[in-house]
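In: Below are the sequence and a predicted model for it; my questions follow.
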Number of protein chains: 4
Amino acid sequence: TRQMTHTTDREIVVRTTLRELVVYLVFLIILCILTFGMTSPTMYYYTKVLSELFLDTPYPDTRNTFRGSTQVMDFWRFVEGPMVDGLYWDAWYDHARTSVNKHEQNILYENRMLGVPRMRQLRVRDDSCNVHETFAGAINKCYSVYSESIEDKTSFGPRNGTAWNYYSQSELKSQSVWGMISTYSGAGSYVDLSHSRNATIEILSSLRRNLWIGRGTRAVFIDFTVYNANINLFCVIRLIFEFPATGGMIPSSSFRTVKLLRYVTPFDYFVMACEWIFAFFVLYYIVEEVLEVRKMKCAYFKSVWNILDILVIGIATLCIAFSVYRTNSVDDKLESLLKDGVQYANFEQLGFYQTQFNSAVAMCVFFAWIKLFKYISFNKTMTQLSSTLSRCAKDVMGFAIMFFIVFFAFAQLGYLLFGTQVRDFSSFGNATFTLLRTILGDFNFHEIEAANRVLGPIFFLAYVFFVFFVLMNMFLAIINDTYSEVKNEISAQKNEFEIADYFKRGYNN
Amino acid sequence: TRQMTHTTDREIVVRTTLRELVVYLVFLIILCILTFGMTSPTMYYYTKVLSELFLDTPYPDTRNTFRGSTQVMDFWRFVEGPMVDGLYWDAWYDHARTSVNKHEQNILYENRMLGVPRMRQLRVRDDSCNVHETFAGAINKCYSVYSESIEDKTSFGPRNGTAWNYYSQSELKSQSVWGMISTYSGAGSYVDLSHSRNATIEILSSLRRNLWIGRGTRAVFIDFTVYNANINLFCVIRLIFEFPATGGMIPSSSFRTVKLLRYVTPFDYFVMACEWIFAFFVLYYIVEEVLEVRKMKCAYFKSVWNILDILVIGIATLCIAFSVYRTNSVDDKLESLLKDGVQYANFEQLGFYQTQFNSAVAMCVFFAWIKLFKYISFNKTMTQLSSTLSRCAKDVMGFAIMFFIVFFAFAQLGYLLFGTQVRDFSSFGNATFTLLRTILGDFNFHEIEAANRVLGPIFFLAYVFFVFFVLMNMFLAIINDTYSEVKNEISAQKNEFEIADYFKRGYNN
Amino acid sequence: TRQMTHTTDREIVVRTTLRELVVYLVFLIILCILTFGMTSPTMYYYTKVLSELFLDTPYPDTRNTFRGSTQVMDFWRFVEGPMVDGLYWDAWYDHARTSVNKHEQNILYENRMLGVPRMRQLRVRDDSCNVHETFAGAINKCYSVYSESIEDKTSFGPRNGTAWNYYSQSELKSQSVWGMISTYSGAGSYVDLSHSRNATIEILSSLRRNLWIGRGTRAVFIDFTVYNANINLFCVIRLIFEFPATGGMIPSSSFRTVKLLRYVTPFDYFVMACEWIFAFFVLYYIVEEVLEVRKMKCAYFKSVWNILDILVIGIATLCIAFSVYRTNSVDDKLESLLKDGVQYANFEQLGFYQTQFNSAVAMCVFFAWIKLFKYISFNKTMTQLSSTLSRCAKDVMGFAIMFFIVFFAFAQLGYLLFGTQVRDFSSFGNATFTLLRTILGDFNFHEIEAANRVLGPIFFLAYVFFVFFVLMNMFLAIINDTYSEVKNEISAQKNEFEIADYFKRGYNN
Amino acid sequence: TRQMTHTTDREIVVRTTLRELVVYLVFLIILCILTFGMTSPTMYYYTKVLSELFLDTPYPDTRNTFRGSTQVMDFWRFVEGPMVDGLYWDAWYDHARTSVNKHEQNILYENRMLGVPRMRQLRVRDDSCNVHETFAGAINKCYSVYSESIEDKTSFGPRNGTAWNYYSQSELKSQSVWGMISTYSGAGSYVDLSHSRNATIEILSSLRRNLWIGRGTRAVFIDFTVYNANINLFCVIRLIFEFPATGGMIPSSSFRTVKLLRYVTPFDYFVMACEWIFAFFVLYYIVEEVLEVRKMKCAYFKSVWNILDILVIGIATLCIAFSVYRTNSVDDKLESLLKDGVQYANFEQLGFYQTQFNSAVAMCVFFAWIKLFKYISFNKTMTQLSSTLSRCAKDVMGFAIMFFIVFFAFAQLGYLLFGTQVRDFSSFGNATFTLLRTILGDFNFHEIEAANRVLGPIFFLAYVFFVFFVLMNMFLAIINDTYSEVKNEISAQKNEFEIADYFKRGYNN
Ligand SMILES: [Ca+2]
């Protein structure tokens, strides 16, 4: 009878697990609908056509493009060439170039520019760094690497207009920007371009004539936002030109394709319904977890599954909150914009947070999938696999310490040896990922060899031998060996009551 | 004596198996002759020269090509430049440009254009989508993503001629087309070009003058067919220009090189003979399988070999049927074409089905090869290998579930995180294959990093660690372990009567 | 005492083996000196500068190059542009272009052209293929794919001069040529260019005016040879233009950098000495092997080491013979050339055989290295490794059959499915190597996907799963398992007398 | 009690080890601060902008760049185009090209050129090689491959000025240079350019008019140094043009970004403090090791850890010595330079040694990391892993011999077969690394195939089969098997007193 009681107990456990699993699956499906409803392949095409328009159009004289720009001159080539051509579509494509109705001028004929673009620059002071005493006589101005504390806040050039004066971040309602070589504040001198091609060309020409970009300029940002009504998507565009202290220019860009107006088509309303269901689910799980915490106290936080629960619920709650905020915020902004069309459309913040929101949702659904493993240990084969993983965890950890000491020693060596010559080793982080990619077979031997003709090949040989051959194979040996052990043990065990049995019994009754 | 009887029984089995094998090998050889006779490396060169002619010739002004086209203007650059130059070869290459005899004008001097090319466009209505209320005043026309239900069926522009009116799919005897971003119906407005270069230039100029491509245009197709008598091959060419709702243009193309006139050279007649033999074989196997089904009833469908038999026979029968249809159809079409040279040569359907036919034959021969494994289990080593495979199947299945949950969780995460920026993650399907390719070492880390500088590297690291290192090695451990087991068992077994013994005995007698 | 006798016997065996090994090592070192003396990294630079000069110089109008040529026009662009500029260096680089002394005009200022270049073309008859009856009226000329039997041997064009008449292979003292799509005979119409730039331009202009390249032209060859006295190397250059029956043009080239005058510098004479020593070694080994054959009879041919011996000796003998012939032949040819500078310098045959000679020597030294394994089994670890290899040979063979059926089934499927679109699958051989490269991680998924959007990804998935994951891992399992077995057995054995012991004993005495 | 004593003994050992470890960790951290303080990602950007400025700017006429240069003409195109434009920045970017203050003319507006650039050439004599007797009449001048002994020391051309006379290495205070195809002495004819654009153009024009580059020219070097005060970095630039004996030109370059003035910013002074601490550490370890040597005598040198100690200390001492020398040397040089601005700024030697210094420090820190393993064997898992490595060392060695015989046989075969055609096989060293990269999946099959259409694919197939499949898998088998053995043994052992226990006990007391 003890055996019987035991079986009945297990049956209850199994039944509860099954119920939980079904509820969880519904939750997961709703979540998947949400996320897949949130995005679509069209978004990629939208990013693509806009980025190709601005980044890949060649300059008329040098045939260079935004992406290939390296010098100050290229900045002017870009803004006076591809940028103006990309922003103002005032004629059709026929030979006579029939003009487009003023009210209908759209980028690529389909994308309405919201407000006007803004160009902003950040400068540093000419005494922002120490000149070594030897050069004291020869060099009297020195413009350091950008940092917020050494921004030049004085007026310059003609000193008239917004372009030649400094405004603080709060005056501009702007945000700090993460560039390729620094993080820049939202302050600086700015100029708003016009809705008309000719006026814009005039503004740009005046800036160039008065040498707007000087030795102290460390970055220029061009910001604007376009809206495509056909597919109801916004693209928040920022073009960044960094002028490092080394001379030259480093261009970068961000094209944030976001769906700020969420509910327009019938399908959008179906997604809305799912969002409500999702919100109720989150509420349900919050209550459940709170009850569990009360019951289990500290023990609750020892299970990795519970941590995962908290993570999923936390992220979900944040996302719901942002969703509400976004809806209100967008409407306000658009109304004011459409009233006064010539102001700058500041979507920087909204675009940034919408992207973070998308990432958060993505991670939420990823963790939700991973949690599925909690319910999956009902099967013997599964148990075998998961106990192999947990069994070899200790050995793998020991191995990992050994591996990472060698790995990071190589990364540091690579960084110090090739860092000044090879992009893939130009920082410690880059060097780490470069060595990781080498294991997968993605590397550039010729670059390493060119950087150091003696130590390059030796470095490569040593790395491949130790890390790829010796350590990787040892890793394999650990898993292989543990698997054999676990399998032997499990096949020796008696079969426990399994979910499969539960179903079989259901059939028989 | 029981042992003896047993041996005699097995001998009969072996003898039957051998006879079957020999017949099957003959069948396989005939099938291989058929397929290798059907195709030749020349076909690749033919596709290559024609696609290079149209897709890689640079436009005179921008040096861009068809493949690199991204804007509406590029459509006109293409049709007025490389297309006209590619279609009309009315002069030789000497400096004086001696004109070619009218009757002998061939593309690349060798390829006769059949009939005239047709240009067709599909448009959507200007009220085909909902504009959000905020933009109600600012935006009054809205052209949605293409779908058949919102096609614009009204006349437009000058409203005269086929170019400015709408014709249904049945009127045009056309087919739906699978483009890069949608599947398009066979309807729309069309214009047939001319056999003369000047007339074609005149037609194109008129279209451009009257703004044929408008905001509602979603796709333009250019269709024509060329025939090369030297090698007796047709090439059914379709150039597709998609104008997505995002703005811009996405070009694609299909060059179907097909052998529609099958029997011309003596070798063709040898292949014809093989085709007859093949038909008889198929008939023979149909009869055999029908008999087997009768005898075994439901049990028949439980063997994977029998399913394979049905598959091979089914595909073969379909192919034979199409072969007969094709022969008649082509002759009809060509006769009418050669009578009236200025009509559009509609080979769309024939080209499409001929390609499907080739694919079907290819799969038929693939399955036929796989079936060879049925006869191959006569050898001890083979048995060892195949029973390793079947033994570890259950473990591999369990592992596969685990693997695919993690794998698809990563694919979805990648799609949501990088989908708007990176082509390789622009849809869930793409993301799946991108992650599969990463396992083989084909990936682009810099793109992922550029799309998201924080989550990109973390995603990559996590994926490589879990999927590449942990899961792949575990997979290896499963197979490795099972192999050891099977080998031990088999080496413990007594040797059964093998085919090898049969042959040996044959020698001894 | 029996033990002692045994030890003494083994000692003798070891001593003999050691003596053999030392002699063999001397032989190997001599062979290595020979081969490394025969070639040098300079040869690569020589090939590089010459091929860049002719193949990578852009045409003045289209900026296309030889390598990117695809049409008949490109042939004329090449010969009238980069070829003429590459062959005739009659001015220095200063702005006034000071002319170079007539006697010193060298390609790239350093390379003397020997004799004059020859241009030769091959044509096929205009009735060389069957036109299908349907096209009988429309198409009356048909030029088939090249084969020697359908060469057009009639005169054409102006019918005067060698350019417009046909000469047989023996009249031209030429050889057949292996092109990209056919193997061509050495016959055809030819024209020898001049030593003067203007005369050559005149000849080419006349050919173009009279339409030298016609629809029947299947290939044009341009042959010339240059000699660089600084480094004493010849480069036998052949540029091939194939005009396939599909239309268009396929360019290819061969740059054979060879050292035809072997003995000039002091180091050359050292190599010569080595060659004599090598010849004596070969003689010695021939004698030894003949003695062995006599003694062992048929048993001799059962050892794989003996086969290797025969191979090495055979190749070596052939090489020596060619070496003698080459020395005489070159001197004769050069003498006649330098007497009469305006004839065509026919180095085709000599260049071809010298390249074959180099390959033969390369293989000879490779096999000689492999033979070293014969002497290497004196060590326990080595025995362990080599017996693992020989033990698992049977299993690997069984596995290989299974593997290759699946592998070739995939190769055939890939060829039939993607052959008309993708270069890597354009023939069965290409498909085989493409699939092999896929295992190593070198593949182009996007091309396969573009060729067939449905079956492409399925094909790829199936291939990677079966071949890469299942079969490769099984292969690993076989070796792994066998190694464990062998190791256990060997560690159970008693230690035999080893070479290491021999040396140790030597020290002790 | 014996057990107790034993435990106490071990406790002392553990305590000593721990103390040593802590001291060592402090040393390691100081060393890491030093090295990371020495370099920064800015250095890569600096190298990048300068190398792009000179190497990637296209020539006005051919659109070719420095990197793509192949002919003598390209040298003149470079020096008269991108070089002059890159060196002299005398105007701003506005349309009127406002001139820059003479005192402030900087490369890329930020980089001060130190002194003036120097152009130097090396020539060989016209009788420097033997012409074969056959060509004795036809070829009378012969310029061999460069070697120091055949330098042409005579005057040439107009024979006036430094450009047309020969100066020895000591006269020029120069160093020998390691180019792509030779190592060149520091001698030759030179010309110092000017600080003014026009004067430089005049000098270059005169050189070209008088044919400065002749057939005997083997190399031209352009040397100059720039200093960026913003980031306090020097870049020592050398552009090398090699004119090999084959004709043509091979360009290469070296951009050494070095921090010669070490102590400018406050952070620099923190690093300085660390350097002092580091020096004391080195002193401490020197003393310790000397004591150890005295105590242990010869036995000291048998431990690999002691060898490592000597290596680390030796490199560190050298670095400290150089550091002192550098500081003095730079100050002297800069002072004299800033007094007389028109002399050549010879930073060749200083740049070279500073780079060597950086490499030495990098290796020092690498070895220091590796030494960490000495202290890491306190853990059972670690012991297991490290004894696996040491146990299988013998087998791996045996295997390695086998592997390398096959591997080098393939490398030699590849070099001999493809060396004249394929860059990756152009020398034995290249061939070795190419084959190594093939194992990791980085190879170019098409190049091998193009070089030899028959033997190329066979070579590839054989290599992949033997090395990749057979040998690699065997390597894996060795490690796998050894790991199993070691694990079994260790799990059978009793647990020794471990560091972990030490800590646990500490908690309990
Ligand atoms: Ca790879």
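Out: Sure, I can see it. Numbers count the residues shown, from 1 in each chain, chains lettered A, B, ... in the order given.
In: what does the stretch 301-450 of chain A put close to the ion?
Out: The stretch 301-450 of chain A has residues A:G441 near the ion, with proximity defined as Cβ under 5 Å from the ion. Every C-beta, even on glycine, is put in place using the N, C-alpha and C of the backbone.
In: Output the below-cut-off pLDDT ranges for the stretch 301-450 of chain A.
Out: Along the stretch 301-450 of chain A, the model assigns pLDDT under 70 to residues A:341, A:376-382.
In: near chain B, which residues of the stretch 51-200 of chain A show up?
Out: Counting by Cβ under 8 Å from any Cβ of the partner chain, the residues of the stretch 51-200 of chain A close to chain B are A:52-53, A:56, A:58, A:92-96, A:98, A:104, A:106-112, A:178.
In: Of these, grab the buried ones for PyMOL.
Out: Here is the PyMOL command that selects the buried residues among those (16 or more other Cβ atoms under 10 Å in any protein chain shown):
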select buried, chain A and resi 52+53+58+92+93+94+106+107+108+109+110+111+112
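In: Keep only those of the residues of the stretch 51-200 of chain A next to chain B that are in strands.
Out: Cross-referencing these with the strands (criterion: DSSP state E) gives A:112, A:178 as the overlap.
In: So what's the gap between stretch A:458-469 and the chain middle?
Out: In terms of Cα atoms, centre = their mean, to the nearest Å, the gap separating the centre of stretch A:458-469 from the centre of its chain is 32 Å.
In: what ranges do the strands span in chain A?
Out: Assigned strands in chain A, in chain order: A:112-123, A:177-178, A:183-184, A:189-192, A:217-228, A:233-242, A:250-258 (criterion: DSSP E).
In: which helices and strands sit right next to the last one?
Out: It stands for strand A:250-258. Based on contacts counted as 3 or more Cβ pairs under 8 Å, 6 or more residues apart in numbering or on different chains; DSSP states H and E, the elements that strand A:250-258 packs against are helix A:41-55, strand A:233-242, helix A:348-371.
In: Pick the most deeply packed of these.
Out: Most buried of the helices and strands packed on strand A:250-258 by mean neighbour count (mean count of other Cβ atoms under 10 Å in any protein chain shown) is strand A:233-242; its value is a mean of 23.
In: Which strands and helices lie in contact with it?
Out: Under the contact criterion of 3+ Cβ pairs under 8 Å, 6+ apart, strand A:233-242 touches helix A:41-55, strand A:217-228, strand A:250-258, helix A:348-371.
In: what angle do the shortest one and strand A:217-228 make?
Out: Same thing as strand A:250-258. Between strand A:250-258 and strand A:217-228, the angle formed by their directions is 30 degrees, by axes from the mean of the first three to the mean of the last three Cα atoms, to 10 degrees.
In: for the last one, same thing?
Out: Here helix A:348-371 points in a direction 70 degrees away from that of strand A:217-228 (the same axes, to 10 degrees).
In: quick one: helix A:348-371 near chain B?
Out: Yes - using Cβ under 8 Å from any Cβ, a contact is recorded between helix A:348-371 and chain B, made by A:358-359, A:361-363, A:365-366, A:369-370.
In: Low-confidence stretches in chain A?
Out: Chain A contains residues with pLDDT under 70 at A:1-7, A:341, A:376-382, A:469, A:491-509.
In: Can you name the residue of chain A nearest to chain C?
Out: Nearest to chain C, among the residues of chain A, is A:G441, at 5.1 Å (Cβ to the nearest Cβ).
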